[in-house]
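Chemist: Here's my sequence, what's the structure:
(2 chains)
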Amino acid sequence: MTRSNARASRTAASAGGAGKLRLDPATVRRARALAKKAGRPIVKLARTHTTVSVERAVLRLAGLSGADVEGIPWVNRLVDAVHDDVGVEHGVALPVWDALLTGGLDLTTLAQKSAADSVSFRIPAGRDATRAAAAARKAVARGMATIDRRRAERERLVAKLGDPKQRPWIYLIVATGDIYEDIPQARAAAREGADVIAVIRSTGQSLLDFVPEGATHEGYAGTYATQENFRLMRAALDDVSKELGRYVRLTNYASGLCMPEIAALAGLERLDMMLNDSMYGILFRDINPIRTFVDQRFARQIHARAGIIINTGEDNYLTTADAVEAAHTVTVSQLLNEYFAKEAGLPDAQLGLGHAFEINPDLPESFRLELAHALLARELFPAAPLKWMPPTRHMTGDVFRGHLLDGFFNLAGALTGQGILLVGMMTEAVVTPWLSDRDLALQNVRYVLNAAGNLHEDFRPAPDGFIVRRAAQVLDEAVDLLERIVDDTLLEAIADGTFGLMRRPATAGKGYEGVVAHAPGYYNPATELLEASQG
Amino acid sequence: MTDQSERPAPGDATLPVGITKVIRPYGDTTGDGMVQISFTLPIPHDRRAEGAAAQLAAKMGMDPALVVHAKAMGPDFTFFVVYGRVNHLVDLSKVQVAERAYPLLTAKDINALIKQRLRRKLTVVGACIGTDAHTVGIDAILNIKGFAGEKGLEYYRELRVVNLGAQVPVPALVERVRSERADAVLVSQVVTQRDAHLHNTREMSAAFREAYPADRRPLLVVGGPRFDEAAASDLGVDRIFGKGTTPGDVASYLVHALVTDRAAA
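Modeler: Residues are numbered from 1 along each chain as shown, chains lettered A, B, ... in the order given. Below you'll find the predicted structure:
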């Protein structure tokens, strides 16, 4: 972009174009500055701690996979063995590659021996440490090269087959528990018009401190995220992409206790989007806050490298708190997610910031409020592919009313230029979607996009009208909340129940025992390579 | 629903009121028996498929059945909407419902009863157990925000609410209930795949029976959209709440079971 172009687009952003709401630029700047101030101590914490899952992700990037007869992955066995011998505060790379070089072994054999307790680890020093670090870096660099190849592959396929013709992209969920049932369902969904297929994970996977292995057939309300399941589904969608002449994207979840490992597997198997929220695990799964922030930074660095679009989970706030009263908490979370994402190297184009259509439909002017909130997100993050989530909380089982509500949700998505539209089902809260539910839901989306897909061109909220005033109010409330968070620190705010009413102290929650502060000389070849590529 | 059951049954005015109340579905005329259904058949859309839909509707008791809409969903499935008259009658005298065996109280009455009769706060521990991560139900009942316009249990001044959130292991729940000296345990189960809600509830009730002598055991209450409210004793709990339960229902029950009923006994 030339300098005069850059100036022109800045002017456009402040005057028209992105300026339907005429947000006060000073308030927007203030909001971002506060988010940065609130997030910076967390980043510092993340840079000075590691977790067992970060260390396992390093081993996965170096090529260690598979599990023992009990189904415990070798990465868990090896990290546990190092942990027992010398701790993980120096990182596993130095002791593991020192043992590999000393014993002349490969990673899998070392993991097997460590599980049988027939090998011991030490923290190498001097030239031994230099040699171990170099060998570790070389091994992990091979994993990074695979991630880079997968990213190039995606770019090639998108160039050849093309992106969806319309915005928002249509995002559909598949979840049977059995990957071999998911595949035909995903293919059918793509043929019916889905641009993005999300395979919901089995309930409970987020609290497993290991990633299951292989193709899986049993899950509860979802299918386990495993490397093999990722590979199978991506291959199936590649076939259907060729058939349809558009690149169908695949989504999974980098959340829970194994966030870094799942991010690595997603990069290795060319997943395209990953659910990855900065605070969801803390608030909704009671995962330790520090564990979450450390894991998240590493996961986001991988996502940045892999070209994966993250989807954040602000919709969740509105399922537990009132969507009008808590509207500003969504904005605050979006700003924090943006700060953490950018710090980890994710560009705007990879920021699928979330928000949802969850205002009580009985409330007067509920649709105007929804438009104000959706447009606020759009204008605060003009270059991000925002993820627009359908009503769930006020879906009552009256499927007819629900279908109408979904129609209004779709209209709000079209009017406010959302990037990714999660298709709402009229049977939300009734059954897992039937074939016919999905078909009717897609007809609903298609009708709205066909009838009003470009209505955003004509949609100009009245200056100083209801929508403009409401958006300004939410932004002001977000700034107030951010000010309180900055005064209090983010960890304290989380502990006090500022978000979603849940109190989550920094030293409680699941997975805290897997968090370790770096010792002097901590070495992580993956972080080194990821941060070098960020420049 | 309630309106109809309390009035003489429309459509069968010839029957003596109060002895049998027989009704049939209502389209636009009393006694017309009209219903509307939709379903999918795993066959391509053609004339035979529409005939198949009509046959299914006939077997379901719809006569005449009008296939008003048929649409292909991909090459292998067809979706139908059918309107028609059913010949079935509903005998209201044989309808069974779990009647609420306790009065519905206001928040003010509930607080007053606990304060006067219990003379301390009533402690409730809530959780989603097992692998269930759906806190929507338990949060709707417990969170101050509540559900369906009713404030949640946190709003009741005389209730002390400890919400443990999602995926709480049963032993951890028992331990916490013990340390909080809770009067009642509220467990929400949304996921029903492979009957997980039933297995988890049985595991939970067994654990409390093992951990407490019978007369000291806290009140066990489960809720979720797919429970049969009549199955409480089968699952080893004191009460089951199904779909549409509001915080007021639960609070009234807690006061009935732990304050007014217990005081009377």
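Chemist: Tell me the gap between stretch A:31-40 and the middle of its chain.
Modeler: Remark: stretch A:31-40 is offset 20 Å from the chain centroid, using C-alpha atoms, centre = their mean, to the nearest Å.
Chemist: which parts of it are buried?
Modeler: A:31, A:34, A:35, A:36, A:38, A:39 (16 or more other C-beta atoms under 10 Å in any protein chain shown). Just so you know, the C-beta spots here come from the backbone N, C-alpha and C atoms, and that holds for glycine as well.
Chemist: Turn the residues you listed into CSV, columns for distance to residue A:223, secondary structure and pLDDT.
Modeler: Output for the buried residues of stretch A:31-40, formatted as CSV (distance: C-beta to C-beta, whole Å; DSSP: H, G, I helix; E, B strand; the rest coil; pLDDT from 0 to 100):
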residue, distance to residue A:223, secondary structure, pLDDT
A:31, 38, helix, 98
A:34, 40, helix, 98
A:35, 35, helix, 98
A:36, 38, helix, 98
A:38, 36, helix, 97
A:39, 33, helix, 97
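Chemist: Tell me which two in those are the farthest apart.
Modeler: A:31 and A:39 (12.4 Å; C-beta to C-beta).
Chemist: Within range of chain B, give me the residues from the stretch 51-200 of chain A.
Modeler: Proximity of the stretch 51-200 of chain A to chain B is confined to A:177, A:188, A:191, A:192 under the rule C-beta under 8 Å from any C-beta of the partner chain.
Chemist: would you turn these into TSV with pLDDT and secondary structure?
Modeler: As requested, these are exported to TSV (pLDDT from 0 to 100; DSSP: H, G, I helix; E, B strand; the rest coil):
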residue	pLDDT	secondary structure
A:177	88	coil
A:188	89	helix
A:191	91	helix
A:192	89	coil
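Chemist: And stretch A:205-213, what's buried?
Modeler: Under 16+ other C-beta under 10 Å, the buried positions of stretch A:205-213 are A:205, A:206, A:207, A:208, A:210, A:211, A:212, A:213.
Chemist: so what pLDDT did the second one get?
Modeler: Confidence per residue is given as pLDDT, and for residue A:206 that number is 85.
Chemist: wait, doesn't it sit right on residue A:285?
Modeler: Yes - here residue A:206 reaches residue A:285: they are 5.3 Å apart, a contact under C-beta atoms under 8 Å.
Chemist: Which neighbouring elements make contact with the helix or strand harbouring residue A:487?
Modeler: Take DSSP states H and E as the rule and residue A:487 turns out to sit in helix A:466-488. Helix A:466-488 is packed against helix A:25-47, helix A:327-343, helix A:366-380, with contacts defined by 3 or more C-beta pairs under 8 Å, 6 or more residues apart in numbering or on different chains; DSSP states H and E.
Chemist: after the last one comes which helix or strand?
Modeler: It refers to helix A:366-380. Next element after helix A:366-380 (DSSP H and E): strand A:387-389.
Chemist: which of the residues in that next one are buried?
Modeler: A:387, A:388, A:389.
Chemist: residues in contact with residue 165?
Modeler: No chain in the question, so chain A it is. By C-beta atoms under 8 Å, 6 or more residues apart in numbering or on different chains, the residues touching residue A:165 are residue A:246.
Chemist: should've been chain B
Modeler: A:284, A:285, A:286, A:502, B:127, B:128, B:135, B:138.
Chemist: Good, wrapping up.
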